[in-house]
Each structure stands twice: as C-alpha cells, then as structure tokens.
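Trainee: Fold the following for me, if possible:
(one chain, ligands or ions: 1)
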Amino acid sequence: MQNLKKARLVLQDGTVYEGTSFGYEKSVSGEVVFYTAMTGYPESLTDPSYKGQILVPTYPMIGNYGVPVDDEENGVSKFFESDKIHCTAIIISDYSFAYSHWNSQKSLGQWLKEQQVPGLFGIDTRALTKKLREHGAMLGRIEFDNISIPFYDPNEHNIVAEVSTKEVVEYGHGKYKVILVDCGVKYNIIRCLLKRDVTIKRVPWDYDFTQEECDGYFLSNGPGDPAKCDITIKHIKKILTGDRPIMGICLGNQLMARAAGAVTYKLKYGHRSHNQPVMQPGSNRCYITSQNHGFAIDDKTLPIDWEPLFVNVNDGTNEGIRHKTKPFFSAQFHPEASSGPVDTEYLFDKFIENMEKGNK
Ligand SMILES: NC(=O)CC[C@H](N)C(=O)O
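Mentor: Numbers count the residues shown, from 1 in each chain. Coordinates of the predicted model:
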C-alpha cells in the first residue's frame, strides 16, 4: 500500500480531486461520466461505447469480484463485451485489493495495468457525481507527476471509426442472414443474435451494405456523437426506402432516427445504470433497462411515419422509435443488457419474427 502513487483528477471547471493509483500510470484525458449500477465493471470497461470516457462507478466498492477468464465461444469472448478495455480510465471510491469470484482470473488493478489504463481510488465519487449532475457532462484529465495533457472531447471526433471492425467477419450458420453494422458492437448483441438461429455478417461502420442479400439489418451501439457517422446514416437512408427488417440499439437507434430525418442532441448528463425505467406509449407497460448513453433523439422531430416506441420515466426522453408501417424499430437502452436486467431481450425475438414474416 505504501508504494502506491498519488495522482490528480482535474475537471474542466478547475475542480481537483486527489486519488491513489491502482492501474497503469499515465496522464490521460476524456469525458467524465458517472455510472450508477452496482455491478458490471468488466462489461462496461470493455463496452466500445465508452471509448474516450473516464468511467466513474458510484457504487462505493469496486474490484471485489476481480476480472473474468478470457474464454471464447462462437468467435467472441464469453465474458467481455469486446477484445479490450475501451474506457480511458476508471475513477472509484474504494478499491478492493482482495477479490473473489468463481470465474475470476486476475485483479482489476492487474488487468488495468496490462491494458495500460489508469485507475484511481480514494476519490469522493458521490461529490464528483453531484457536480456532474448539476453542471452537466464535463471533460477531465488524470495527471501523474504533474504532467498534464490537454482536455480531450471524444464527441468532437469520429471515434466510431476507431472501434469498428476493419474487416468483414461472419459468425454462425443460422437460418436468418443479418448484416450487422458495427459501430462498436457489444459482443452480447452477437451472442443474442446467434442464440436465435442467425448468421451474422459483421461489417465496418462505413461499409456499403445497401446491395447485400440478407433477411435483416442490425445497427449496433457505439461511442461518441451520432452526427459524426454521416456515411452510416447515408447507407441507412437507402435501406429505409426498402422493407427488410431493421433493428437498432443505442447509437443504432440514434442513427436510425437521423436517417429518418429526426434530430439528436446531447443530454445534460447521460443515463448509465441498470435501473432505468422505460414505458411503452399507449400501454401501461414499464420495463427496467440497462443504459449507457449521453445523446438522445428529439422525438418531436420524428417524421410523420415514425413514432416513439419507449419513453424514459425519469426524465421523459426518448428511449426508442419505430416505423408505423414497416418492420423498423430501435431502442435507446440495451435489450442485450450485459451487464444489467434482461427484461427487454424479447426485442431480439421481435426482430426474428419480423424476418420470418418477411420471408413468407
Ligand atoms: N451505448 C451507445 O451506443 C451510446 C450511443 C452514443 N454514443 C451516446 O452516448 O448516446
């Protein structure tokens, strides 16, 4: 414990928090985002949607169940959401130096060091979260040895291009052929599709998939501002003129909306947790969902042939859209969870049903 290095988290508004390093020691900067779920740090750290972000879990003790083994199944990691950590850093209150879990292979600190990702503990994450809620999303930097680097705003860059696959990859031998547009796809989306008799063709974010033979299209989650994905939006616009089923998640929801002609905007602070309630308009149905997003669709700008599919009960923001007559729908939350509640995994079954109907 004595040899652990101190480092500082500096926010854009000048606030400084001092913490102790338990990960890799290097100065970094990014957007600071809080996350209020109690579990799920291995999944969140490897979720490509967190690219460029400094993750602040508010649960007070992190690291107590270590990091899972890195097994593979059907061409994707069994327990992680991608092949590496995408968060820029992690900031926590209390680090558990002891860890225990049936499936753990190493400590969180060791994993962060291997992946060259900084982690600080001993920071008042409640105070930090209150600040972000009052002020809104903020950039921050972690300084080791007083070496400071400029603030970096991931939303000003096309970071989807950095996390998307560079080549086409195929998975499974199922009945339905799906083009998966990879803007930073989480592996549990691939697992959820493979469980449902699907053959997946995973293509890069800027790949022209509009002439491909398939039964349906899947628009993945991904990092940053949806407005930066103009090439993907151009391709989606083309497939919206057809009637093959489309399902989208999170960034995929935002890209579907922009392709349809609606507007997206940045939320004051994002939704990142396991207990976000969403209602389906026109019903009394409420689902508890897993979420990770900082942008949202302005559903007042949806064209006449589209409608909201879900609305967030906490703040009234849009949580999904659907076309009124064609088999196109998307969710702002994560039906694939990982981590979090699986109440809305049935949306994958809807997508399969749509493809089945389309084939008849
Ligand atoms: N998980 C995601 O796909 C996030 C979408 C987008 N980058 C946002 O923050 O809103």
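Trainee: Show the pLDDT at M1.
Mentor: We have a pLDDT of 58 for M1.
Trainee: okay, now A98: neighbour count?
Mentor: For A98, the count of nearby residues is 8 (other C-beta atoms under 10 Å). Every C-beta, even on glycine, is put in place using the N, C-alpha and C of the backbone.
Trainee: Also the one 10 residues further on?
Mentor: Residues near L108, counting by other C-beta under 10 Å, number 26.
Trainee: in the longest helix belonging to the chain, what's buried?
Mentor: Assignment by DSSP state H gives helix 346-359 as the longest helix of the chain. Neighbour counts using 16 or more other C-beta atoms under 10 Å place L347, F348, F351, I352, N354, M355 of helix 346-359 among the buried residues.
Trainee: what's the closest of the residues you listed to G14?
Mentor: L347 (43.3 Å; C-beta to C-beta).
Trainee: if I pick that closest one, what's in contact with it?
Mentor: Residues in contact with L347, defined by C-beta atoms under 8 Å, 6 or more residues apart in numbering, are M247, F329, A331, P335.
Trainee: which residue sits closest to the second one in space, ignoring its chain neighbours?
Mentor: So the one you mean is F329. What sits nearest to F329 in space, not counting adjacent residues and going by C-beta to C-beta, 6 or more residues apart in numbering, is R322, at 3.9 Å.
Trainee: Does the one you found touch F310 like I think?
Mentor: No - the criterion here is C-beta atoms under 8 Å, and R322 misses it with F310 at 9.4 Å.
Trainee: out of these two, which sits in the more crowded spot?
Mentor: Ranked by neighbour count (other C-beta under 10 Å), R322 and F310 place F310 first, with 27 against 20.
Trainee: Mind listing residues that contact the helix or strand harbouring that one?
Mentor: Here F310 sits within strand 306-312, counting by DSSP states H and E. Around strand 306-312, the neighbours that count as contacts under C-beta under 8 Å, 6+ apart are 257, 260, 262, 271, 276-281, 287, 299, 302, 317-324, 329-333.
Trainee: and the residues you listed near the ligand, which?
Mentor: With C-beta under 6 Å from any ligand atom as the criterion, the contacts of strand 306-312 include none near the ligand.
Trainee: Please narrow those to those residing in strands.
Mentor: 271, 276-279, 287, 318-323, 329-331 (DSSP state E).
Trainee: from those, which is closest to the ligand?
Mentor: Taking C-beta to the nearest ligand atom as the measure, the ligand lies nearest H271 of the ones in strands among the contacts of strand 306-312, at 8.7 Å.
Trainee: Bridged to the closest one, which residues?
Mentor: Using DSSP bridges, the beta-bridge partners of H271 come out as H293.
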